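A.B. asks: One predicted model, sequence on top.
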Amino acid sequence: MSEAVIHEEHHDDHDHKPTGIGRWLFSTNHKDIGTMYLVFALVMFFIGGAMALVIRAELFQPGLQYVDPVFFNSMTTVHALVMIFGVVMPAGVGLANWLIPMMIGSPDMALPRLNNMSFWILPFAFALLLSTMFMEGGAPNGGWTMYPPLTLQLGNAFPFLIFAVHFLGISSIMGAINIIATVFNMRAPGMTFMRLPLFVWTWIITAFLLIASLPVLAGAVTMMLTDKFFGTSFFSAAGGGDPVMFQHVFWFFGHPEVYILILPAFGIVSQIIPTFARKPLFGYESMVYATASIAFLSFFVWAHHMFTVGMPLAGELFFMYATMSIAVPTGVKIFNWVATMWRGSMTFETPMLFSLAFVILFSIGGFSGLMLGITPADFQYHDTYFVVAHFHYVLVTGAVFALFAGTYYWLPKWTGHMYDETLGKWHFWLSTISVNVLFFPQHFLGLAGMPRRIPDYSVQFADFNMISSIGGFAFGFSQLLFLYVVIKCVRGGSKVSDQVWEGAHGLEWTLPSPPPFHSFTTPPQVTDATAHS
Amino acid sequence: MSDAHSTYFIPEPSRWPIVGTLALFVSFVGGAIMLNGSGFGTFILGLGVAAIIYMFSGWFADVIAESIAGKYNQQVDVSFRWGMSWFIFSEVMFFAAFFGALYYARQFSVPWLGGEGAKLLTHELLWPEFFADWPLMVIPDLEAFASSLYHEVIPAWGIPAINTAILLSSGLTVTFAHWSLKKNNRKGLCWWLFATVLLGFIFVFLQAGEYIHSYHELNVKFDSGIYGSTFFILTGFHGFHVTMGATMLMVILARSIKGHFSEHNHFAFEGVAWYWHFVDVVWLGLFIFVYWF
Amino acid sequence: MFFNKLRNCLLGAGTMFSLLWAGAVNAEWGLNMTPGVTPVSQDVYDLHMLILYVVTVIGIIVFSIMFWSIFHHRKSKGAVAAKFHHSTFAEIAWTIVPVLILVGMAVPATKTLIKMEQTGDADITVKITGYQWKWKYDYLNEDLSFFSVLAQDSNEARQLGSNIDPASVDHYLLNVDQPIVLPVNKKVRLLTTANDVIHAWWVPALGWKRDAIPGFINDNWAIIEKEGTYRGQCAELCGKDHGFMPIVVKAVPEDEYEAWIEDMKLAQAEAAASGEREWSKDELMAKGKDLYAKNCAACHMAEGQGVPGMFPSLAGSPIVATAEGLPDHIDRLLNGKNLMPAFGEQLSDADIAAVITFERNAWGNDTGDVVQPKDIKAAR
Ligand code: HEA
Ligand code: HEA
Ligand code: CUA
Ligand SMILES: [Cu+2]
């Protein structure tokens, strides 16, 4: 390593790729690291999804059929942790790794070794977390929100859970620092901030959210650790603390976290819709400001997750108003996307289909979010399946659909091959129909009074649960098709041009497909004409 | 090819990140096993920590070698600066969580338990004997925590004030060191750095004395209720950061003595100096909110 | 063809929404929130419907514009892309209009919320304490208190592999052994707190839920305007049997309520008196078996086998199955240990004597011990 050299000449004539397992273990290349992130996320998606299917199987009909309640609670908890920290966040960082250097015209990420470490922490952190499934007392089962005192009752898994969270936090913070350093310091000449593709913008803002919120989560779980092992009383009234204090600290992280999951998705969709509408993104600047406002506001709404803990009235009012206000910048984004389509010249390839579904289904999730934000109504909705329906609309048909869209959109660029469009469309239609069968009835269940996080329910909820479970299995198995399409595309297919999509603009489309090992060894000169917007 | 971008230094594949990952992993596994009550875990934790130290020294040795070989241009330097400053910001947010806990305990949970605000019934029905006060001398449930009765807390205007003065002056000495460096005054640099490290360790030493005092004489402990909890988690993590900062300063001192750094190229020095200032500022927060008011 | 697919999809979504509408008209369908039986619950329901209508209308407008565009501005129809990418007017309009809509929602929401916080001058105050996994009710003005757990038939049916059809059980999972009885048309103040972890007390018909937090008391209120039986559940994950700690509220006329209070007090006095006499082994065993199923089986399981790594097995345990273990056994029950709750306050001397006697003579434990209430009294 110490004999590292500057490769300007080197790279110009041929790609000098390290080989073997070392290429991946020691990688300092943004594309290889991006690929590892994406593959990791895909694997974890099936693990987290399999857990979701355990949940749906148990809830298929009333009565306990397959698993005992403790294991059920572990499934709920670990499913959520895997999906959030193991799927959506890594996939977002994977896309950032692949795309940001190509989009801003730089050779690589600013801090390549750090980049490697942010990735490799993930499999080890999940090894820490998932190993708890085999421990006495079982895996974490107090919900992904880890509220004390319940989570303090956890057995041997407890310190593993806490340290896994610390470990994941370290990874995310390092990744975020890298993205900030890259975007602020590595832009090609002429690539001003207001010429950045929206995906890059959403990622800078996400990176700030990460850096500001994850350390707070680390602090929260650290206090829990000392409460359990060193006799502190942060979360115990007997010593002058308060269990609710944990919830405040957790949600100070937790709410920004949900925007960490969705902002990159906004970025992806903002790249795709203009491409297939063949029309520039409507309201580029207001998109940037709206994203920044959402991020800013996200730090002042956390207590909408805890309306029922008995806060003083003034607090409840403040958090209700702040929560409602987020609908305004989010609305701006939705309207801008619709206006981008308006009088465009649209075609409907798979990435576009997923983006259109995103706009509609995310909005539905946003609408239920707004309903949850109305404090008195939330007194009824809270901790029911209405909430479960809300967040799966924004997470699955929001974040995950955008990730599908992005994968289809950039896969030809990454591999140099076109994916199978027919199968892509099948994947889209199967997913979109089944996911609604899966999650829409959960609104009704919640309103009718079914609490969340229960392994069994009274018979009045039987019908909708059965429908939901059927949708769940259909949706789950549809994803095997996705896996197949991706593998097929990686292994071969018709060659694509550099630009791939007729309407695509931006620096990444000026590179060959697949792009060279180091993206831009000679920085391109960016002008208004070549900039994305 | 004369453009700065084309010469941006992309390191060759490196084994340090994966070594670091493994080292952290081993430490966490060891720590968890240890906390679950097996001495074996302590041993694994020790291995992990040793591996972390090995990783840091190896990784930084590479970086230093690269830096001395002149592979870093201005732009790489700027990347490091962005990296370090946002790392420090993440540390600020880590402390914010504990300051938040302190604020919450003082403004909400303790007064509520004492019957203030909307929680009168909490007091009347559950903790009728409890009297809300800060610093909290008598906790609501005396049986729940091991050592819950104490009569005194550490007064702000004793050692803590002296420690404040020490840390503030160490902030000055490190700035003087920087000035010396910029004037290429190697001797001044080394002496001012030495003074900074010395002040840092005096701080830690005095702080340790305070801990012993509060454990043995005042009976203020980590497990003596919310006052002790917030006090020790804040000052404890701060003390840990001071120790880390002082260690990093020692490395910088050693490098300065060896003749590293030039008046234009000394990011490592500045990064550590920023870190030191950060530790300083956190202490001011502590002094004001933990000791003084 | 493509358009047909989209239209079908839209129709599907439309059907779903109209279903929700129908639900509003006919609450029995179990599709929508209940309007409940208190003034507050009615307000909350109205608020819920208001926001639901507003977002549905917004959704229909936005999605219609989008589909219009998808249909007409498609390349296959020869649409040529326009060049515009900006309109200050539109952008200002779609910032301000949503703000106004939100203000329109915030006003009734604020009013309802303020009303919900008026917990003062109640006629009756009940303190509700969540335990893993049961509720305790203290009638503060009456010196009456009791526990309420999942009804026995539901409890049997809900065991893994019980092979009992839930549909055959009366109010499966929503029935308790001892409901809480409240008078109609009185302002009842309900205080919530917990003994171990956080629970949440929720009866949808009252229009709210409130967390029960150990060490703190939350308050809320209700005026039930209609006689009837209202069911709810714990609504905060509280561990293994979170799904199995239902709530049943019976709202009755005031005189019936008074009579019920008297009956309860009488029954409790009798139970207390029974602790004074000697009990036969059979009596103790029968009572102990019942109590065990109700209070202990949740953790130590029906056959006393426990859950490895979490709850110790009582069959063959040195504390339960040997004579030397007796003092420890009594102590565990009275004072608890770690996750083992203290039952000293929850159960009477006779109860504890019965359950201990039962444990020491069941599942292959054959100490032959008979523990009398007075032994427990002595150990307290
Ligand atoms: C990607 C993740 C994501 C996103 C984007 C959101 C977005 C929002 N969420 Fe959601 N939320 C979650 C993930 C997310 N949420 C999760 C995971 C939970 C549960 C956590 C747990 O307990 O486990 C949760 C829970 C949750 C709660 C707590 C519920 C409870 O437990 O009782 C609340 C309450 O206010 C809420 C509100 C909102 C709001 C107001 C938005 C807004 O951002 C939505 C804004 C969007 C729109 C409103 C639609 C588009 C707008 C227009 C078309 C403009 C015009 C509209 C109007 C004027 C109405 N969410
Ligand atoms: C990004 C986040 C994300 C995603 C993508 C999902 C995806 C899914 N979720 Fe998730 N969920 C959460 C985040 C997410 N969820 C969170 C935060 C909670 C709250 C947890 C808590 O309460 O603490 C939750 C809780 C939750 C519940 C409530 C549990 C409870 O309250 O007890 C349910 C129930 O239906 C559910 C179902 C599903 C389903 C069916 C999917 C589907 O979309 C999954 C799709 C399925 C697959 C992709 C499976 C593919 C696998 C196969 C086809 C089998 C082959 C297997 C192998 C090869 C190994 N989820
Ligand atoms: Cu009690 Cu959930
Ligand atoms: Cu939120």
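C.D. replies: The structure has been received and is ready for your questions. Ligands and ions are numbered 1, 2, ... in the order given.

A.B. asks: show me what contacts residue 145?
C.D. replies: Looking at chain A here, since you left the chain open. Contact partners of A:Thr145, counting by Cβ atoms under 8 Å, 6 or more residues apart in numbering or on different chains, are A:Gln247, A:Phe250, A:Gly254, A:His305. C-beta here means a position set from N, CA and C on the backbone, and glycine is covered the same way.

A.B. asks: Sorry, I should have been clearer: chain C.
C.D. replies: Here C:Ser145 is in contact with C:Lys136, C:Tyr137, C:Asp138, C:Tyr139 (Cβ under 8 Å, 6+ apart).

A.B. asks: could you pick out which of the residues you listed are near chain A?
C.D. replies: Among the contacts of C:Ser145, no residue sits close to chain A (Cβ under 8 Å from any Cβ of the partner chain).

A.B. asks: wait, which of the residues you listed is closest to chain B?
C.D. replies: C:Asp138 (9.1 Å; Cβ to the nearest Cβ).

A.B. asks: right, and that closest one touches C:Lys127 too?
C.D. replies: Yes - C:Asp138 lies in contact with C:Lys127 (Cβ atoms under 8 Å); the separation is 4.2 Å.

A.B. asks: Closest residue of the stretch 301-450 of chain A to ligand 2?
C.D. replies: Nearest residue of the stretch 301-450 of chain A to ligand 2 (Cβ to the nearest ligand atom) works out as A:Leu395 at 3.9 Å.

A.B. asks: Output the contacts of A:Thr145 as a markdown table; include the columns neighbour count, secondary structure and pLDDT.
C.D. replies: Converted to a markdown table, the contacts of A:Thr145 look like this (neighbours: other Cβ atoms under 10 Å in any protein chain shown; DSSP: H, G, I helix; E, B strand; the rest coil; pLDDT from 0 to 100):
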| residue | neighbour count | secondary structure | pLDDT |
| --- | --- | --- | --- |
| A:Gln247 | 25 | helix | 96 |
| A:Phe250 | 25 | helix | 96 |
| A:Gly254 | 19 | helix | 95 |
| A:His305 | 23 | helix | 96 |
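
A.B. asks: I'd say A:Pro69 and C:Gly243 touch.
C.D. replies: Yes - assessed by Cβ under 8 Å, A:Pro69 is found in contact with C:Gly243 at 6.6 Å.

A.B. asks: Which neighbours do those two have in common?
C.D. replies: A:Pro455, A:Asp456.

A.B. asks: Excluding residues flanking it in the chain, which one is nearest A:Ile454?
C.D. replies: C:Gly243 (3.3 Å; Cβ to Cβ, 6 or more residues apart in numbering or on different chains).

A.B. asks: Please tell me how far that neighbour sits from B:Trp191.
C.D. replies: 69 Å (Cβ to Cβ, to the nearest Å).

A.B. asks: Neighbour count: these two, which is higher?
C.D. replies: C:Gly243 (25 against 17; other Cβ atoms under 10 Å in any protein chain shown).

A.B. asks: ok, back up a step: give me phi/psi at the residue of the stretch 301-450 of chain A closest to ligand 2?
C.D. replies: phi -90, psi -50 (degrees, to the nearest 10).

A.B. asks: List the residues that contact it.
C.D. replies: Here A:Leu395 is in contact with A:Met83, A:Val88, A:Val258, A:Leu261, A:Gly365 (Cβ under 8 Å, 6+ apart).

A.B. asks: Tabulate those residues in CSV, adding columns for distance to B:Thr230, pLDDT and secondary structure.
C.D. replies: CSV is the format used below for these (distance: Cβ to Cβ, whole Å; pLDDT from 0 to 100; DSSP: H, G, I helix; E, B strand; the rest coil):
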residue, distance to B:Thr230, pLDDT, secondary structure
A:Met83, 34, 96, helix
A:Val88, 34, 96, helix
A:Val258, 29, 95, helix
A:Leu261, 32, 96, helix
A:Gly365, 38, 95, helix
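
A.B. asks: between the residues you listed, which is nearest ligand 2?
C.D. replies: Nearest member of the contacts of A:Leu395 to ligand 2, counting by Cβ to the nearest ligand atom, is A:Met83, at 3.3 Å.

A.B. asks: Helix or strand: which one has the residue lying closest to the closest one once chain neighbours are set aside?
C.D. replies: Distances taken as Cβ to Cβ, 6+ apart put A:Gly48 closest to A:Met83, at 4.3 Å, once the chain neighbours are dropped. Per DSSP states H and E: A:Gly48 is located in helix A:30-58.

A.B. asks: for B:Gln75, same thing?
C.D. replies: Per DSSP H and E: helix B:74-104 holds B:Gln75.

A.B. asks: Please compute how far that helix lies from its chain's middle.
C.D. replies: 11 Å (Cα atoms, centre = their mean, to the nearest Å).

A.B. asks: Equivalent analysis for stretch B:270-281, please.
C.D. replies: 10 Å.

A.B. asks: now stretch C:114-129
C.D. replies: If you compare the mean C-alpha spot of stretch C:114-129 with that of the full chain, they lie 19 Å apart, counting by Cα atoms, centre = their mean.

A.B. asks: Is chain A within reach of that stretch?
C.D. replies: Yes - judged by Cβ under 8 Å from any Cβ, stretch C:114-129 comes into contact with chain A at C:Ile114, C:Met116, C:Glu117.

A.B. asks: what about C:Ile114, neighbour count?
C.D. replies: Other residues close to C:Ile114 by other Cβ under 10 Å number 13.

A.B. asks: Great, nothing more from me.
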